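1. Sequence and predicted model, in that order:
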Protein chains: 2
Amino acid sequence: MKEISKLMNYRTDVKVVDATLRDGGLVNNFRFSEEFVRDLYLANIKAGVDYMEFGYRADKEMFDVNEFGPCKFCEDDYIRSIVGENHTDLKIAIMADVGRCNYKNDIQNRVDSPVDLIRVAAYISQIPTAIDMIEDAKKKGYEVSCNIMAISNAQESEVKVALDLLGESPVDVFYIVDSFGSIYPEQMARIADTYLNAAAKYGKKVGIHAHNNQQLAFANTIEAVGDGVDWLDATYSAMGRGAGNCAMELLLGFLKNPKYNVYPVFQFIDKHMDKLRQEGAVWGYDLQYLLTGLFNQHPRAAIEFTKNKRRDFANFYKEVLSQE
Amino acid sequence: MKEISKLMNYRTDVKVVDATLRDGGLVNNFRFSEEFVRDLYLANIKAGVDYMEFGYRADKEMFDVNEFGPCKFCEDDYIRSIVGENHTDLKIAIMADVGRCNYKNDIQNRVDSPVDLIRVAAYISQIPTAIDMIEDAKKKGYEVSCNIMAISNAQESEVKVALDLLGESPVDVFYIVDSFGSIYPEQMARIADTYLNAAAKYGKKVGIHAHNNQQLAFANTIEAVGDGVDWLDATYSAMGRGAGNCAMELLLGFLKNPKYNVYPVFQFIDKHMDKLRQEGAVWGYDLQYLLTGLFNQHPRAAIEFTKNKRRDFANFYKEVLSQE
């Protein structure tokens, strides 16, 4: 059982990362209005959020700029159009996917960029390329984190090797990612233990990015923070791919550091989030996501089920099982 | 950290209680069709659910039978019209509220009733009357549990005294009830410890009934079962007052005892639950419930907010704070 004296207090090392534009952008092809992005930036500042992720730095030779809003590419000039020189305590992050980001060309030196943190995302088989990206970003002066995705489908021994490889790299933060929303809090405690041991050995920090397929995104996040994980991803109204993420409004309600303030989050939600849903964006817990989470599968079949407005969950149950 | 060998296995002592008609009935004044109730009974049998709660045994001198469906009163004849003599492994439960049930008159001997379990519900100030009800039900031959409601507003020392009083009574099960959905899993672990210690001393079992205000109903339930709590309340599609309960479909997906089968739950949901929502029943997690949960308040203001179809969460935040 966790010590109550610790539970009543707070760790100043905790960092909250707003991933609304990035994970939420997967729901609406990153078509956020400029007003949305600017209001979100201002809300994050008022709420005491530590990092705001603006989206992906996707390769324009791979992705058509006409098909996506600007947060898919997150050019420095675009970010500057919102934040200027960003003379605030809120730091700016972007995500760089292994295999989908031309990092050598498209990431400039930090001194020439409004970005502070590069979040490298990789499957466990892509760690060597991830490390090349980490080294590149570090040389350019950035803080760097690394998301190892889909670990619920990897072997524990592989995860340990990946953490050793990353441990030897200059990365600052290892991220636990529950890509499929299949991890229970009792498993999260063990995974956090593995990551925290590696982090202690190599002088790194640990973060968590959760999905809400089984209504456990918030529960897994607070399990992890109770175990010693410091970097916490959340999104406004839990907006994110499929079942969505840990809700910012739940997380800031829970955290006890007085620098955090949940009220601006509600103001932002009032103004923007129902509108976004009315415009057609669909996300959040529903039974199709429960099923892919329960059976530890990628949510793509559930996303397709949602797009087709199907409600025959019993049939979907059989489909999910027959995909094994 | 919990032992992985225990997590992979299951305890045969675990009992799943379907509270859909009772807690869900609070949402639609217990106006369930006969087909709904019969299909639910059959689904519970197929799913391996241990107990099905049919509703309240409310006093007809206090409540108008024209205002509520039959599950508000749960007369033995009504239950028999659904289950006959119930020659199945599924046991039948009803709830008897302190102060709202004329138990001496309205509860017959078990041999003359289809009911197996009387669930006494009391606030902590009502324990003496609860004990009178427990003794009455025990004399009549029933299994008996007791829900101590709203413990998040009670002192730990009071809860311990209540458990000692109930420990000396013939009750079979102490129920942990998170009435306001305000309890975090790390607190649940401590509460479960308190209840389990008292249960061990007096030879009782412990149960949990959770609410989903902070999307923690399922998380708190699996925290509790991991700690040794055996009786688990859940409802189909999490139907229940306000933010709803722990979802049966999440719980049966999680439990590892092969006697449980989640597929009939999805079949029932496909047939009935969207229809119930289309007919006007509203329940489930939303930000107004988050706020009453976060500030440890009864959800009645949030239920009113929902009824009025308000979406101004920032104003509601201020209202909730000013009610303190």
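-> Good, I have the coordinates.
2. contacts and neighbour counts: CA atoms only from here.
-> Fine.
3. At the contact with chain B, which residues of the stretch 151-300 of chain A appear?
-> The stretch 151-300 of chain A has residues A:185-186, A:189-190, A:214-216, A:218-219, A:223, A:250, A:253-254, A:263-264, A:266-267, A:269-270, A:290, A:294 near chain B, with proximity defined as Cα under 8 Å from any Cα of the partner chain.
4. Near residue A:19, how many other residues are there?
-> Look at residue A:19: counted by other Cα atoms under 10 Å in any protein chain shown, it has 29 neighbours.
5. Surely it touches residue A:49?
-> No. At 10.8 Å, residue A:19 does not count as touching residue A:49 under the criterion of Cα atoms under 8 Å.
6. And the strands in the stretch 1-150 of chain A, which stretches?
-> Here the stretch 1-150 of chain A has its strands, by DSSP state E, counting those that start in this stretch, at A:15-18, A:51-56, A:91-97, A:117-123, A:143-149.
7. Over to the stretch 201-324 of chain A?
-> According to DSSP E, counting those that start in this stretch, the strands that the stretch 201-324 of chain A contains are A:205-209, A:231-234.
8. Pick the most deeply packed of those strands.
-> strand A:231-234 (a mean of 28; mean count of other Cα atoms under 10 Å in any protein chain shown).
9. Export that one to CSV, keeping only CA atoms.
-> C-alpha atoms of strand A:231-234 as CSV (Å, rounded to 0.1, in the frame of the first residue of the first chain):
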residue,chain,number,x,y,z
TRP,A,231,5.6,12.6,-16.9
LEU,A,232,1.9,12.3,-17.4
ASP,A,233,0.1,12.6,-20.8
ALA,A,234,-3.5,13.8,-20.9
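10. Does anything pack onto it? Which helices or strands?
-> strand A:15-18, strand A:205-209 (3 or more Cα pairs under 8 Å, 6 or more residues apart in numbering or on different chains; DSSP states H and E).
11. export those to a markdown table and tack on mean pLDDT and distance to residue A:77?
-> Shown next, in a markdown table, are the helices and strands packed on strand A:231-234 (pLDDT from 0 to 100; distance: least, Cα to Cα, whole Å):
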| stretch | mean pLDDT | distance to residue A:77 |
| --- | --- | --- |
| strand A:15-18 | 98 | 20 |
| strand A:205-209 | 98 | 27 |
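12. can I assume residue A:202 is in contact with residue A:167?
-> Yes. Judged on Cα under 8 Å, residue A:202 makes contact with residue A:167 at a distance of 5.3 Å.
13. just to revisit the earlier point, can you say which of the strands of the stretch 1-150 of chain A is nearest to residue B:28?
-> With respect to residue B:28, and counting by Cα to Cα, the nearest of these is strand A:15-18 at 37.8 Å.
14. Residues in contact with that closest one: which ones?
-> A:44, A:49-53, A:230-236, A:248 (Cα atoms under 8 Å, 6 or more residues apart in numbering or on different chains).
15. just the CA coordinates of it, formatted as CSV?
-> Output in CSV follows, covering the C-alpha atoms of strand A:15-18 (Å, rounded to 0.1, in the frame of the first residue of the first chain):
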residue,chain,number,x,y,z
LYS,A,15,5.2,17.1,-15.5
VAL,A,16,1.8,17.2,-17.3
VAL,A,17,1.9,17.0,-21.1
ASP,A,18,-1.1,18.1,-23.1
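16. distance of residue A:89 from residue B:31?
-> 54 Å (Cα to Cα, to the nearest Å).
17. More neighbours: which of the two?
-> It is residue B:31, of residue A:89 and residue B:31, that has more neighbours when counted by other Cα under 10 Å, with 19 against 12.
18. residues touching the more buried one, list them.
-> By Cα under 8 Å, 6+ apart, the contact set of residue B:31 is B:25, B:68-71.
19. same thing with residue A:186?
-> By Cα under 8 Å, 6+ apart, the contact list for residue A:186 reads B:1-2, B:223.
20. Show me which of the residues you listed are buried.
-> Among the contacts of residue A:186, those buried by neighbour count (16 or more other Cα atoms under 10 Å in any protein chain shown) are residue B:223.
21. Now tabulate the contacts of residue A:186 in JSON lines and tack on pLDDT and distance to residue A:305.
-> As requested, the contacts of residue A:186 are arranged in JSON lines below (pLDDT from 0 to 100; distance: Cα to Cα, whole Å):
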{"residue": "B:1", "pLDDT": "73", "distance to residue A:305": "37"}
{"residue": "B:2", "pLDDT": "74", "distance to residue A:305": "36"}
{"residue": "B:223", "pLDDT": "96", "distance to residue A:305": "31"}
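22. Give the single residue among the contacts of residue A:186 positioned nearest to residue B:80.
-> Distances from residue B:80 to the contacts of residue A:186, taken by Cα to Cα, are shortest for residue B:223, at 36.0 Å.
23. ok, the closest one to residue B:257 distance?
-> Separation of residue B:223 from residue B:257 (Cα to Cα) stands at 17 Å.
24. now do residue A:281
-> 38 Å.
25. ok, those two, which is more surrounded?
-> More neighbours surround residue A:281 than the other of residue A:281 and residue B:257, with 18 against 14 (other Cα under 10 Å).
26. Could you pull up the contacting residues of the more buried one?
-> Shown here is residue A:281, whose contacts under the criterion Cα under 8 Å, 6+ apart are A:27-28.
27. For it, give its distance to residue A:274.
-> With distances taken as Cα to Cα, residue A:281 is found 10 Å from residue A:274.
28. can I get the contacts of residue A:186 in CSV with distance to chain A?
-> Converted to CSV, the contacts of residue A:186 look like this (distance: Cα to the nearest Cα, whole Å):
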residue, distance to chain A
B:1, 7
B:2, 7
B:223, 8
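29. Mind giving me the ChimeraX command for buried ones among the contacts of residue B:31?
-> Entered in ChimeraX, the line below selects the buried ones among the contacts of residue B:31, by 16+ other Cα under 10 Å:
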select /B:25,68,69,70,71
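30. can you map out the helices along chain A?
-> A:4-8, A:20-28, A:34-47, A:76-83, A:103-106, A:127-139, A:156-168, A:185-202, A:217-227, A:248-254, A:263-278, A:287-294, A:300-307, A:313-322 (DSSP state H).
31. Looks like residue A:189 contacts residue A:224 (just checking).
-> Yes. Using Cα under 8 Å, residue A:189 is in contact with residue A:224, at 6.5 Å.
32. So which of those two has more stuff around it?
-> The neighbour comparison of residue A:189 against residue A:224 (other Cα under 10 Å) goes to residue A:224, with 25 against 19.
33. which ones are touching the more buried one?
-> By Cα under 8 Å, 6+ apart, the contact list for residue A:224 reads A:188-189, A:192, A:208.
34. Could you rerun that using 10 Å?
-> A:176, A:185, A:188-193, A:206-208, A:218, A:230-232 (Cα atoms under 10 Å, 6 or more residues apart in numbering or on different chains).
35. Need the overlap of contacts for residue A:19 and residue A:49.
-> By Cα under 10 Å, 6+ apart, the residues touching both residue A:19 and residue A:49 are A:234, A:248.
36. can you count the residues close to residue A:266?
-> That count, for residue A:266 with other Cα under 10 Å as the rule, works out to 23.
37. so it touches residue A:247, yeah?
-> No. Look at residue A:266 against residue A:247 with Cα atoms under 10 Å: they stay out of range, at 11.4 Å.
38. list residues touching both of these two?
-> Joint contacts of residue A:266 and residue A:247 (Cα under 10 Å, 6+ apart) are A:236-237.
39. distance of residue A:277 from chain B?
-> Distance from residue A:277 to chain B, counting by Cα to the nearest Cα, to the nearest Å: 13 Å.
40. Quick check: the gap between the nearest residue to residue A:70 once chain neighbours are set aside and chain B.
-> In this structure, residue A:70 finds its nearest non-sequential neighbour in residue A:30, 6.8 Å apart by Cα to Cα, 6 or more residues apart in numbering or on different chains. Going from residue A:30 to chain B by Cα to the nearest Cα gives 24 Å.
41. burial of residue A:30, as a residue count?
-> 22.
42. Run a quick neighbour tally on the nearest residue to residue A:38 once chain neighbours are set aside.
-> Leaving aside its chain neighbours, residue A:38 sits nearest to residue A:82 (5.8 Å; criterion: Cα to Cα, 6+ apart). The number of residues packed around residue A:82, counting by other Cα under 10 Å, is 16.
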